[in-house]
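S.K.: Sharing a sequence plus its predicted fold:
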Amino acid sequence: MGFPGVWMTESESMIYRVVPKCACSTIGQIMYYSDHGRFFDGDIHDATHGLHKWAFADSQDRISKTVREHTSYSFTCVRNPYTRILSSFFDKICGIQRNGSRYRGNLVPTLIYNYGIEVGGDDGKGEFDQIASFRRFLLFARDTIRWRRPMDPDIHWSAMSGHVSTFIVNGGRYDRIFWTEKFNDGMQGVLDALETPHPVTLSEIPRFNESEGHGPKRAHPVEDYFDDLSMHLVYEIYKQDFELFRYDFENPANKMPVGEIDLDEIHAKLGD
């Protein structure tokens, strides 16, 4: 299986396991800048040079060797499951993507037909009942994850623990896992632990939110989207994410972690 979703700087200073919807655009740009002294011109997900990515065949041997010998600092970043699934809905379901089309072709028409959701019209900018449509999307997300119907789960709403675990199962070990909600502290901890060809001053790094503007703005506080049933569905899907990454299941309004991440526990529980 190897190391899907893994990016590594060309200098091999650091290795990052991408977790979708968890500041991956900003982290990728920081990695690129740390090697080249400039940002990639465009969405870092589209970069075909300047970073090693597992998706590139000629990067795989080098990534595998570096991960298994643990000669680079290895890290990832996670996010509150409530805000992450909401972000996936507004970006991937309601939004128009970079190529000017809907995400995954016929996915949205299928959701409209089978689950009765609305997405704000052809351009994603129209008025619609965001709460009702999101809750219907949540049923769809649960169906894909629990029963792999009507499709396999998408990387943007499959559990973070699943993404994090592939790195461990195949022979990697994380030096740090930090929260999107405390990004500066977490990313600074990574940078403090290594040397890069070009120094990175985190306070001067912009946030690269490549999904911003794809879809409608969230019209309500996070907690308004989650009634008792929605919370039950979220817990069914993301129970391990809440527990391992120390997020508050009981209160959707609290996006902040409520405890410290235990790396030994994560390696033990996700390494089977």
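M.R.: Thanks, I have the structure now. Computed from a prediction, not measured in an experiment: that's the story for all the values here.
S.K.: CA atoms for contacts and neighbours, from now on please.
M.R.: Noted.
S.K.: then the strand or helix carrying residue 265 to CSV, C-alphas only?
M.R.: Per DSSP states H and E, residue 265 falls inside helix 263-270. Extracted C-alpha coordinates of helix 263-270, given in CSV (Å, rounded to 0.1, in the frame of the first residue of the first chain):
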residue,chain,number,x,y,z
LEU,A,263,1.1,10.0,20.3
ASP,A,264,1.8,6.6,21.9
GLU,A,265,-1.9,6.0,22.2
ILE,A,266,-2.4,6.9,18.6
HIS,A,267,0.4,4.7,17.3
ALA,A,268,-0.9,1.8,19.5
LYS,A,269,-4.6,2.1,18.4
LEU,A,270,-4.1,3.0,14.8
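S.K.: pretty sure residue 5 contacts residue 54?
M.R.: Yes: at 6.3 Å, residue 5 and residue 54 qualify as touching, with contact defined as C-alpha atoms under 8 Å.
S.K.: Neighbour count: the two, which is higher?
M.R.: Legend: neighbour count by other C-alpha atoms under 10 Å for residue 5 and residue 54, higher for residue 54 (21 against 17).
S.K.: before we move on, back to that, if you count neighbours, what's buried in the helix holding residue 265?
M.R.: Of the residues in helix 263-270, 263, 266-267, 270 count as buried by neighbour count, 16 or more other C-alpha atoms under 10 Å.
S.K.: repeat for stretch 94-113
M.R.: For stretch 94-113, by 16+ other C-alpha under 10 Å, it's 94-97, 102-103, 108-109, 111.
S.K.: so who does residue 16 touch?
M.R.: Residue 16 sits next to 6-8, 74-76 when contact means C-alpha atoms under 8 Å, 6 or more residues apart in numbering.
S.K.: before we move on, what SS does it have?
M.R.: strand (DSSP: H, G, I helix; E, B strand; the rest coil).
S.K.: What's the separation between it and residue 110?
M.R.: For residue 16, the distance to residue 110 equals 34 Å [C-alpha to C-alpha, to the nearest Å].
S.K.: any idea which helix or strand comes after the lowest-mean-pLDDT helix or strand in the chain?
M.R.: Least confident helix or strand, the chain: helix 107-115 with a mean of 91, by mean pLDDT, DSSP states H and E. Heading C-terminal from helix 107-115, the first helix or strand you meet, by DSSP H and E, is helix 130-147.
S.K.: So what touches that next one?
M.R.: 86, 89, 111, 115-119, 149-154, 157-158, 218-219, 224-226, 230, 233-234, 236-237.
S.K.: could you give the angle of that helix to helix 107-115?
M.R.: 90 degrees (axes from the mean of the first three to the mean of the last three C-alpha atoms, to 10 degrees).
S.K.: Just the buried ones out of the contacts of helix 130-147, please.
M.R.: Using 16+ other C-alpha under 10 Å, the buried ones in these are 86, 89, 111, 115, 117-119, 153, 157-158, 225-226, 230, 233-234, 237.
S.K.: Kindly indicate which of those residues lies nearest residue 24.
M.R.: residue 157 (14.3 Å; C-alpha to C-alpha).
S.K.: Hmm, residue 88 and the closest one touching each other?
M.R.: Yes: with contacts counted by C-alpha under 8 Å, residue 157 reaches residue 88, the gap being 6.5 Å.
S.K.: Distance check, the residue nearest to residue 233 when sequence neighbours are not counted against residue 83.
M.R.: Sequence neighbours aside, residue 142 is the residue nearest to residue 233 in space, at 6.9 Å (criterion: C-alpha to C-alpha, 6 or more residues apart in numbering). From residue 142 over to residue 83 the distance is 16 Å, taken as C-alpha to C-alpha.
S.K.: Neighbour count for the two, which is higher?
M.R.: Under the criterion of other C-alpha under 10 Å, the comparison of residue 142 against residue 83 puts residue 142 first, with 20 against 17.
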